[in-house]
Each structure stands twice: as structure tokens, then as C-alpha cells.
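K.L.:
model the following, please.
(one chain, ligands or ions: 2)
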Amino acid sequence: MAKTRNPVDVSMDVQVQDMLGKAREQGVETAFDRADQMSPRCPFGSAGVCCRLCLEGPCRIQPNGKGPQRGVCGANADTIVARNFMNSLIQGTAAHAEHAREVALALLHTAEGKAPYHIKDVGKLYRIAEGLNLSVEGKSVNEVAKDVALKALEDFQRPEGTMNWVSFRGQEKSVAKWQSLGLAPVNSHLEIAKAVTRGAMGSDADPINLLLGGINLGIVDGYGGLHLSTDLQDVLFGTPQAVKANYSLGVLDENKINIAVHGHIPLLSEKVVEWARKLDDQAKAAGTEGINIVGVCCSGNELLMRQGVSIASSFSSQELVIVSGALEAMVVDIQCIMPGIQQVAECYHTEIITTLGHVKIAGATHVDFEPEHADEAAKEIVEKAIKNYANRDHQNVSIPKDTVEAYAGFSAEQITDVLSKLNEEKPLQPLIDALKNGTIRGIAAMVGCTNPREKQDVGNVTVAKELMKKDVLVLTTGCTAHSLAKNGLMNPDGVKECGEGVKSVLKLLGEQAGLPSLPPALHMGSCVDNSRPADLLKALADELDIAISDIPVVGSCPETHNPKALSIGTYFISHGVDVHVGVDPQVSGSSLVTHTLTGNRGDEEVTTDRLFGGKLIYEPDPVLAAEKLIERIDMKRKLLGLSTVEEATT
Ligand code: NFS
Ligand code: SF4
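P.N.:
Numbers count the residues shown, from 1 in each chain. Ligands and ions are numbered 1, 2, ... in the order given. Got it, this is the predicted structure:
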């Protein structure tokens, strides 16, 4: 019988613990309970050796070697595990590519005057046009935007060659390597379709070849998904600059109409914010003090970075925002939206509003959101929330008191801007000098999710603190940023967690920005904004004339749950950046697959470390994970001829 964890064991966050207590008292089930009910998990699925690709199956291989070692078709554990792994990368890559395609189409329609958005960052639009070798002579802003949008859409249909965004944003050294290995993607849809085909029953049965197919997907994810989305979103909605906002369930406001915006693509969320501001008087007429928009998951990150909207919850506690009893509407678009929110909403007055024709939840209200009619839809959504306030049960409202103040909005542009105050001509030089002399030991991108199986925030916060105290500069995105923010690591005060080296750099930079210090974790945005740390790495590598794989940099994803995190991780590995995951990636059923992903460069067999200079590190213990990451950082420092920093920095 599965054991139900106590609230103190599901999250570090006392507010989450309390709200879970309330849910349980009221008989409301959440993901934390369901995660317990799923225990113990199926050993076949956990090892990745369960296959249900065709109706001869399902087949499963006995991981201990005692029992069947091949499926009905003859596929062995290596093939099945590699195929399952690649199939989950397809999920992540398709999600990001589709996100990018929707934004590209919206840019096209905006440029043609068919969608009610505006080109907000004209400078970035022109820099992108230049990077794509487009002529801008004599063209209006909208004409340039149209050309850029068409170039973006070409990345979903060009018949041959290399994707525009790979040539534009990729580092030449990496692109050359991928081309030599036949891994440079032609267009996103083609590569995804090819991967679906090769991963099907009776197709690619070579585990190494399947894993290389996974690398190809990682590259598609990075350029056709992340970079494309970030670039065009910045053009439409502005490039983020440092902002201050609040975190935790306490950002809900008892005196206001609360609307949670949840999902990923800012086309919807930006419009909801705009209409909430426009209809504030209507909310006041309903007897409230106005409208309070709060963010959940990556829609939250997008709004935080550009609009300073506060964040109520990361992924795993999304249902608890509803349990507050103070949420009039939760508006969702796509990805990371638990179907469970509808069951929870039915116990309170919250209206769940889905907005995409291909992403509905039974029982929820649906308001169709097409960019062309964005204003009408956003207005209708906000009006529904205002109307629903009348149904709030004031006796059942419980909003935690405290919030945590945090700074976000550190786009690569913003970081370069701050650095340029130290060296106007060569803004990256101070960072390079600090890396070279060991003041900064290395850089870590702390990314990814929270997962109801795990005790929320522990992995994210522990890895980050361990790295900070050893003078690693921490960049962060996604739901991991939420964990770090709630624990004070996105606030200048948090700099006390850092070793003396990183602390001195952050303080110096903070002074340039008018703060006592920059926060120890620099929040660069949503998950698609993992393009931003990548941009910074590329700029550093170019300046040093080395490959990205040579920089002492690592990625860490301690509490991942999502295939998107795996495809982003693969994108980093394709550049030779080591990636740590703290949750089992479900490949242990094949020692060949495990070794290819996690082995070292000196090994005789094929490993991603040997081919690309980076590998997967699976380590559930966050302290050990940080040690392993530091080891790799020091190894790369050594290879670059830089001094390795003595342990005694703290
Ligand atoms: Ni990323 Fe964003 Fe959060 Fe994880 Fe989900 S919201 S896209 S996948 S859970 S960080
Ligand atoms: Fe079984 Fe092969 Fe079909 Fe998978 S593809 S279910 S291993 S027969």
C-alpha cells in the first residue's frame, strides 16, 4: 500500500505545506497525493524496457537478465531503451517547435496588420534581420518583420540545407561538427517527422544511431524551438530588463479579483494582462480593489520578465493556487497544465479557461484564442473572471501572508549592458577575466521543473547553493527559478550564499545597476529562454575563440519531470555542455545507452562526451550532484590551461 507523505515531506515551502493540509482536510486530491498512490513504480517502465509501439506487445525485457531478453519483433533492451528515450525527446522538441511556429505566424500576421500586436523591440528586429542576411534598405518596420517571420517559417518547410536559425544563432564550430556528423537539421517538421518514423516499430534498431537521432532533435529543439521563440517574442513583446516582483502563494490578493495565467506562449498571457488593466474599473465596480494577475509555470516567467507580474506557483503545486479559494479564473494555453486542475476547481469556485482548440480539458470553459482575435478573447476571459467573483466563498479563502521579493529579467542583452559599464568596448572582458583568474570558477545554468514525486525545491535549492558557495555563477530559468526565488536566491541579500569570488563580481556589477549586489541566481526567463544562457555562452566562446564545449560551464536540472527538459538537456549536450538531471531519466535498462549518455571522453566506446565534449550526469543526491558538476568544471578549466580553484574558497 502506498504511503501518503506528510505535507512537510512534499515541499520545503511552508505555504505549500499549509495549502496541501487544507486540500486534504477538505477531501481535495492533488498531484502530491497521486504521486504517492503511484508508488512503488513499475520497474520495467522505470528502466525504460517496456515497449508498446505495436500490437504484438506490450513487451518488456527483464532488466536482471533472468527472463525474456527480446520483444516479439526481436528488439532488445538497448533498442527499446534508446527508442523510448528518443521518443520522449520528440515530445519535448515538438512542443518547443510548435511554440515557435505559433509565435512566427503571429509575427507575420502582426506585420501584415492582421493581428493586434506591435513590434516592440525594433532594434532587436533589425539585429535579427542582419543576422539572417536580410536587406532592410528602404523597408518599413513591418516589411522587415514580415521578412523575418517568413525566414522563421521557412525553418518548418525548407527542403534541404541547414535551418536558418541554426546558421544564424549557432556557433560556427558547433555547426561544422554537426554538419560533419550529418546531424545539422534541415527544418523542424522534417526532423520531427523523421524521428517519429525512425522510432516506430520495425524502423531504426541501432541504439547508437537512435541516440544520434536524439542529438539531432536536441539541435532542433534549441534553434527551431528555443532561440526562434525567444527572438520573435522579444521582437513582439520586448527584450526583458531587470524587474522586481514577488513570489509564493502569498501573491494572491484577498481584496482583488485573482486571475492565474498558466502555460507557455505569451501571445495569450500578454493580452490577458493588457485587458486586466483595461477592465480594472469594471472589477472595482464589482466591489473589489481591482484585478490581480498572478503567474504559474512558464507563462508566469514570461510575464514576470516583461511585465513584472508576480508568480504564485511552479509546476508541482499549481493545483494549490486554486485551493486558496481566492482564484476567480485560471487561464491556460498549452504544456505543463495538469488535467487535475479541473477536479480541484470543481471543489472551489475557480473557472478553468482553456484557450486552444487542440488543448481542452473536459468540464472546463473554453474561449477560443486566435492571435487575430486576441483582444476579443482576452476581454471575454477577463470579464468571465470578474463575473465569477460573485461566486467566491469568502469563508473558505486562505491566502498565506508572506511573499518573497526577487529580481528577474536578466536577458543576455541586460547582462551585457551591465557589464559594459565596466568595459564599454569589450563588455564581456570583465567576465572573461574573472573566469580566467578563477574569481568565477565556472558557470551553471540551473533549469527545469518541480516534480510532485520529489520534495519540492530541495534539489533545485541545494544544487544551486552548493555551486554558489564554490564560486560558480548561477543562471536560471523555468520552474527552477521559482524554487530559487522563494529561497532568497534571486534577491541581492542572497549573495551571502556565494563564495568570495562570485560575491565580489556580483557586488561590483550590482553597483553599476544601482543595487547592493546582483542576486546570486540571475533569472533569464522561461524554458524557451534557455536560448538566453546559450547566447551568453556563444558570445563568451566567440570572444575567446574556443568551442562552447571548452568553457567551464554546466547545466543542472535537479527536479525535472518533463520531456521538454530532456530535449533542452540534449540541446546543451550537443554543444558539449554537461547536463545533470536529478530524476531518473529511465534508461537504466540498457548499459549501452546509459554508457553512451553518461560515459567519459576517454572511453573506447562511443559516448556523447567523446563526440561532443559533454555528457549526462544522473545524480539524485543534490550535494553529490554539485560535486560531480564541480569536478567537470575543474576538468574543463584544466584543459583550458586555467588554474583549478582550491576547495578552500569558502
Ligand atoms: Ni519547463 Fe515551463 Fe515548469 Fe518544467 Fe513545465 S512550466 S517549459 S517544463 S514544469 S520548467
Ligand atoms: Fe514488442 Fe517489438 Fe512491438 Fe515493441 S515493437 S511492442 S518490442 S513487438
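
K.L.:
please tell me how far residue 96 sits from ligand 2.
P.N.:
Using Cβ to the nearest ligand atom, to the nearest Å, residue 96 is found at 27 Å from ligand 2. (Each C-beta comes from the backbone N, C-alpha and C, glycine too.)

K.L.:
same deal with residue 276?
P.N.:
Here residue 276 is placed at a distance of 49 Å from ligand 2 (Cβ to the nearest ligand atom).

K.L.:
can you name the residues bridging to the residue nearest to that residue when sequence neighbours are not counted?
P.N.:
Using Cβ to Cβ, 6 or more residues apart in numbering and skipping the chain neighbours, the partner closest in space to residue 276 is residue 291 (4.3 Å). Going by DSSP bridges, residue 291 is paired in beta bridges with residue 257.

K.L.:
can you list the buried residues in the helix or strand containing residue 503?
P.N.:
Residue 503 belongs to helix 500-512 when assigned by DSSP states H and E. Neighbour-count burial for helix 500-512, counted by 16 or more other Cβ atoms under 10 Å, picks out 501-510.

K.L.:
so, low pLDDT: which residues of the stretch 101-250 of the chain?
P.N.:
Scanning the stretch 101-250 of the chain for pLDDT under 70 picks out no residues.

K.L.:
closest residue of it to ligand 2?
P.N.:
Closest approach between the stretch 101-250 of the chain and ligand 2, counting by Cβ to the nearest ligand atom: residue 201, at 3.8 Å.

K.L.:
secondary structure class for residue 195?
P.N.:
Under DSSP: H, G, I helix; E, B strand; the rest coil, residue 195 falls in the helix class.

K.L.:
so it makes contact with residue 215?
P.N.:
No. Using Cβ atoms under 8 Å, residue 195 and residue 215 do not qualify as a contacting pair, with a distance of 11.0 Å.

K.L.:
the longest helix in the chain is where?
P.N.:
Taking DSSP state H as the criterion, the chain has its longest helix at helix 77-111.

K.L.:
spell out which parts of the stretch 551-650 of the chain neighbour ligand 1.
P.N.:
Along the stretch 551-650 of the chain, the residues adjacent to ligand 1 under the rule Cβ under 6 Å from any ligand atom are 562, 564-565.

K.L.:
next: the chain.
P.N.:
264, 297-298, 315, 335-336, 448-449, 478-479, 526-527, 562, 564-565.

K.L.:
of these, which belong to helices?
P.N.:
Members of the residues of the chain next to ligand 1 lying in helices (criterion: DSSP H): 297-298, 478-479, 564-565.

K.L.:
okay, now the residue nearest to residue 80 when sequence neighbours are not counted: neighbour count?
P.N.:
Spatially, and ignoring its direct neighbours in sequence, residue 80 is nearest to residue 51 (4.6 Å; Cβ to Cβ, 6+ apart). The local packing of residue 51 (other Cβ atoms under 10 Å) involves 24 other residues.

K.L.:
what of residue 148?
P.N.:
27.

K.L.:
try residue 402
P.N.:
Residue 402 is flanked by 10 other residues according to other Cβ under 10 Å.

K.L.:
quick one on the thing from earlier: just how off-centre is the longest helix of the chain within its chain?
P.N.:
The chain centre lies 13 Å from the centre of helix 77-111; the measure is Cα atoms, centre = their mean, to the nearest Å.

K.L.:
could you shift the numbering so residue one becomes 169, and keep it that way?
P.N.:
Happy to do that; since the first residue is 169 now, the last one works out to helix 245-279.

K.L.:
residue 579 is in contact with residue 411, correct?
P.N.:
No. Counting by Cβ under 8 Å, residue 411 does not reach residue 579; the two are 11.0 Å apart.

K.L.:
these two: which is more packed in?
P.N.:
Using other Cβ under 10 Å as the criterion, residue 411 and residue 579 rank with residue 579 on top: 27 against 18.

K.L.:
once you drop chain neighbours, what's closest to the more buried one?
P.N.:
Residue 579 sits nearest to residue 408 (Cβ to Cβ, 6+ apart), 4.6 Å away.

K.L.:
ok, residue 667 next?
P.N.:
Closest residue to residue 667 apart from its sequence neighbours, by Cβ to Cβ, 6+ apart: residue 639 at 3.8 Å.

K.L.:
how much space between that neighbour and ligand 2?
P.N.:
Distance from residue 639 to ligand 2, counting by Cβ to the nearest ligand atom: 48 Å.

K.L.:
where exactly do the helices run in the stretch 269-418 of the chain?
P.N.:
290-299, 309-322, 332-337, 340-348, 356-366, 375-387, 396-405 (DSSP state H, counting those that start in this stretch).

K.L.:
check the stretch 419-568 of the chain too.
P.N.:
Taking DSSP H, counting those that start in this stretch as the test, the helices found in the stretch 419-568 of the chain are 434-446, 448-453, 465-475, 486-491, 508-513, 542-556.

K.L.:
so which elements touch the fourth one?
P.N.:
Pointing back at helix 486-491 there. Packed against helix 486-491 by the contact rule (3 or more Cβ pairs under 8 Å, 6 or more residues apart in numbering; DSSP states H and E) you find helix 182-193, strand 459-464, strand 479-481, strand 495-500, helix 508-513.

K.L.:
nearest to residue 723, of the ones you listed?
P.N.:
strand 479-481 (22.1 Å; Cβ to Cβ).

K.L.:
and the average pLDDT for that closest one is what?
P.N.:
Strand 479-481 shows an average pLDDT of 98 in the prediction.

K.L.:
and it, how far out from the chain's middle?
P.N.:
Per Cα atoms, centre = their mean, the displacement of strand 479-481 from the mean C-alpha position of its chain is 15 Å.

K.L.:
on that earlier part again, out of the helices of the stretch 269-418 of the chain, which is the most enclosed?
P.N.:
Ranked by mean neighbour count under mean count of other Cβ atoms under 10 Å, these are led by helix 396-405, which reaches a mean of 28.

K.L.:
so when I look at residue 751, I'm seeing a strand, right?
P.N.:
No. Read with three-state DSSP, residue 751 is coil and lies in no strand.

K.L.:
that one: what's it in contact with?
P.N.:
619, 621-622, 726-729, 788 (Cβ atoms under 8 Å, 6 or more residues apart in numbering).

K.L.:
picking up where we left off before, redo the helices of the stretch 269-418 of the chain as a markdown table? Include distance to residue 526.
P.N.:
Shown next, in a markdown table, are the helices of the stretch 269-418 of the chain (distance: least, Cβ to Cβ, whole Å):
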| stretch | distance to residue 526 |
| --- | --- |
| helix 290-299 | 28 |
| helix 309-322 | 19 |
| helix 332-337 | 24 |
| helix 340-348 | 31 |
| helix 356-366 | 16 |
| helix 375-387 | 21 |
| helix 396-405 | 18 |
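
K.L.:
nearest to residue 683 among the ones you listed would be which one?
P.N.:
helix 396-405 (23.4 Å).

K.L.:
the closest one - contacts with which helices or strands?
P.N.:
Under the contact rule (3+ Cβ pairs under 8 Å, 6+ apart), helix 396-405 is packed against helix 245-279, helix 290-299, helix 309-322, helix 332-337, helix 434-446, helix 465-475, helix 699-712.

K.L.:
please list the residues of the stretch 369-518 of the chain that sit near ligand 2.
P.N.:
Contact residues, the stretch 369-518 of the chain versus ligand 2 (Cβ under 6 Å from any ligand atom): residue 369.

K.L.:
one step back: okay but the residue nearest to residue 444 is in contact with residue 428, surely?
P.N.:
No. Taking contacts as Cβ under 8 Å, residue 459 lies outside contact range of residue 428: 11.8 Å.

K.L.:
and the longest helix of the chain, which residues are buried?
P.N.:
Of all the residues in helix 245-279, those buried under the rule 16+ other Cβ under 10 Å are 245-258, 260-279.

K.L.:
list the helices and strands it packs on?
P.N.:
Counting by 3+ Cβ pairs under 8 Å, 6+ apart, helix 245-279 packs on strand 218-219, helix 309-322, helix 356-366, helix 375-387, helix 396-405, helix 434-446, helix 731-742, helix 759-766.

K.L.:
among these, which is nearest residue 551?
P.N.:
If you check each of the helices and strands packed on helix 245-279 against residue 551 by Cβ to Cβ, helix 434-446 wins as the nearest, at 8.6 Å.
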